[in-house]
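Student: Below are the sequence and a predicted model for it; my questions follow.
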There are 2 protein chains.
Amino acid sequence: MSILVLGGAGYIGSHAVYQLIDQGYDVVVIDNLQTGHRDALHPNAHFYEGDIRNREFMRSVFEKETIEGIIHFAANSLVGESMVEPLKYYDNNVFGTQVVLETMKEFGVKNIVFSSTAAVYGEQKVMPITEEADTRPANTYGETKLAMEKMMAWCEKGFGIHYAALRYFNVAGARSGGEIGEDHNPETHLIPVILEAALGKRPAITVFGEDYETEDGTCVRDYIHVEDLIDAHILALKYLQNGGESNYFNLGSSLGFSVKEMIETAKAVTGLEIPVQMGERRSGDPSTLIASSEKAKQVLGWIPSRTSIEQIIKDAWNWHKHHPNGYQN
Amino acid sequence: MSILVLGGAGYIGSHAVYQLIDQGYDVVVIDNLQTGHRDALHPNAHFYEGDIRNREFMRSVFEKETIEGIIHFAANSLVGESMVEPLKYYDNNVFGTQVVLETMKEFGVKNIVFSSTAAVYGEQKVMPITEEADTRPANTYGETKLAMEKMMAWCEKGFGIHYAALRYFNVAGARSGGEIGEDHNPETHLIPVILEAALGKRPAITVFGEDYETEDGTCVRDYIHVEDLIDAHILALKYLQNGGESNYFNLGSSLGFSVKEMIETAKAVTGLEIPVQMGERRSGDPSTLIASSEKAKQVLGWIPSRTSIEQIIKDAWNWHKHHPNGYQN
């Protein structure tokens, strides 16, 4: 019996594969390698290169393998791109998930854990954000993730799947062993961008707005170590396999750090100068986003253990300094 | 320049085609004839048999025809079926609409009017329901229609389409000329079911619950004549073509009639006995649903003219008594 990881060559998916294999699971990976990296694949995973939207391909994998549960990371996730190419996001994220669910139905696979996002909440006044907050996405990316959640809920009523939707806040860091890390193209995540500036791979880190209503005027976000995040996925899968009811959970550290604090911490961790330039606010950036993750702790028994921002940046730096060009070495 | 009607062989779509042609429009129809009827097609429409989910087929039609606007009725719409086959509804309604929008983008077609539903509102306490009410669908059908609305909104931001989402209450009646009418398989709509009982084609009409908090204990609904409904579609298309901003509108008569009132009126219109049997409540049936259609009246200048329930049943009866087997004659 295997766990199928969809998008297992991507940043978060590859960390899931490593941690599942660490824990003794047999792992099957599907990835179309559009944004994932062949070198991020764990050597012991059974890898199938292909697209979740391809029904024949999906069926062929389910025929060959015995799948006991699915962790689904295969999606596009760039907010800016989602605003100019909305149909790409509907196709990859919503239609792609539809085909995953069709295949689960056909082969009688019942349990799926999947990546949702804090972007389903949009702008919120009350912090920290609990799962009870209204969902009102402010971009197409968040809308397609919310559509995936809704589709899961109707499929549960229709033919009895069980799902756990995990709403990520800012995922960061890298595997502590150093084998894999973060490499996006384009890179839009704060920590890699800061570290690229430290490495001289970009002239400076641009801070988008310093007049927010926060302590130092820059945006405050909730960073979660990718290894803590994956722990929650594996716990969620066990929870479903033990008969837990379908549910959704925020995943964050419940701590907020400003952009300036992140840059200062990165300076301390790397011992390098990090050139900073000030830019305009970006539309759609809320000033503060902090998760309440009490529900995941209570229901799943999740205990995040790498919540210090120094640890997150240290692990990211360990990857970036050894892979200054990411997987293109 | 033509108007493309998607689902133009269905109950509502065929009425749209007839009324568009009445008004001098050139009309192109796409229908896969899964629930539509070849005999419901207007003889002067350019008909293409095929599926909106088929990208190559859609592209071939847009290459041959010059489309100035689209009215989109091609969807599955059975609430009960949507609960047991949710993915069929995601595929036909959500993915189908995605392909329509992809094709519009590719060919630069900007304006689309489409059928949404009162089911996007789910259970509501305040009657009549305005467009400001929260959307919280209580079934997969309503969820997929809401997903279509959201997709349209992100595509407007992404590449500038203009849309009008028309949220139907209970559509009923038939073309006053008698050429076309309502023929569903299975038939789940109240008026056809009542008339089938009048014709002896079914033993009785089952009333699902007579202990609702309404005047006579049976459910109260808002019935709108299909010809009035289509008038609103053509006005919405003109509104978009004249630069009106994307919008959504309830379409109903703003009047409520109970199931018992409908049966009594049908007895008077047909002059026939109509056997009635009492049944249990169905889950998910709200006691009362009445639309406020003020917005459509004010913004589109819509004036429904066939709001008497006698007129609606009379026109339906005119079709049913001449077509006791629907289009299977």
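Tutor: Cool, got the structure.

Student: What sits closest to the residue of chain A positioned farthest from its centre if chain neighbours are left out?
Tutor: Distance from the centre of chain A peaks at residue A:273, with 28.9 Å (Cα atoms, centre = their mean). Leaving aside its sequence neighbours, residue A:273 sits nearest to residue A:267 (Cβ to Cβ, 6 or more residues apart in numbering or on different chains; 7.2 Å). Heads up, the C-betas are built off the backbone N, CA and C, glycines and all.

Student: Low-confidence regions, chain A specifically.
Tutor: A:329 (pLDDT under 70).

Student: Downstream of the top helix by length along it, the next helix or strand is which one?
Tutor: The residue-count maximum for a helix in chain A (DSSP state H) belongs to helix A:140-159. Note on helix A:140-159: by DSSP states H and E, the next helix or strand toward the C-terminus is strand A:162-168.

Student: ok, that next one near chain B or not?
Tutor: No. Counting by Cβ under 8 Å from any Cβ of the partner chain, chain B is not contacted by strand A:162-168; separation bottoms out at 12.8 Å.

Student: Partner strands of that strand and their direction?
Tutor: Here strand A:162-168 has these sheet partners by DSSP bridges: strand A:111-117 (parallel), strand A:247-251 (parallel).

Student: Can you pull the residues of chain A lying near chain B?
Tutor: Counting by Cβ under 8 Å from any Cβ, chain A sits next to chain B at A:82-87, A:90-91, A:94-95, A:98, A:101-102, A:105, A:140, A:143, A:147, A:150-151, A:154-155, A:157-159.

Student: do that again at 7 Å, thanks
Tutor: A:83-87, A:90-91, A:94-95, A:98, A:101-102, A:105, A:140, A:143, A:147, A:150-151, A:154-155, A:157-158 (Cβ under 7 Å from any Cβ of the partner chain).

Student: what secondary structure does the residue farthest from the centre of chain A sit in?
Tutor: Classification of residue A:273 using DSSP: H, G, I helix; E, B strand; the rest coil returns coil.

Student: The one 5 residues further on now?
Tutor: Here residue A:278 is strand, with the state taken from three-state DSSP.

Student: List the contacts of the closest residue to it other than its chain neighbours.
Tutor: Once flanking residues are discounted, residue A:278 sits nearest to residue A:207: 5.5 Å by Cβ to Cβ, 6+ apart. By Cβ atoms under 7 Å, 6 or more residues apart in numbering or on different chains, the contact set of residue A:207 is A:218, A:259, A:276, A:278-279.

Student: what about the residue nearest to residue A:273, neighbour count?
Tutor: Counted with other Cβ atoms under 10 Å in any protein chain shown, the neighbours of residue A:267 add up to 16.

Student: For my notes, confirm residue A:267 occurs in a helix.
Tutor: Yes. Residue A:267: assigned to a helix according to three-state DSSP.

Student: Spell out the residue ranges of the helices in the stretch 151-300 of chain A.
Tutor: A:190-198, A:226-241, A:259-270, A:294-300 (DSSP state H, counting those that start in this stretch).

Student: so which of those comes closest to residue B:222?
Tutor: The closest of the helices of the stretch 151-300 of chain A to residue B:222 is helix A:294-300. By Cβ to Cβ, the value is 40.0 Å.
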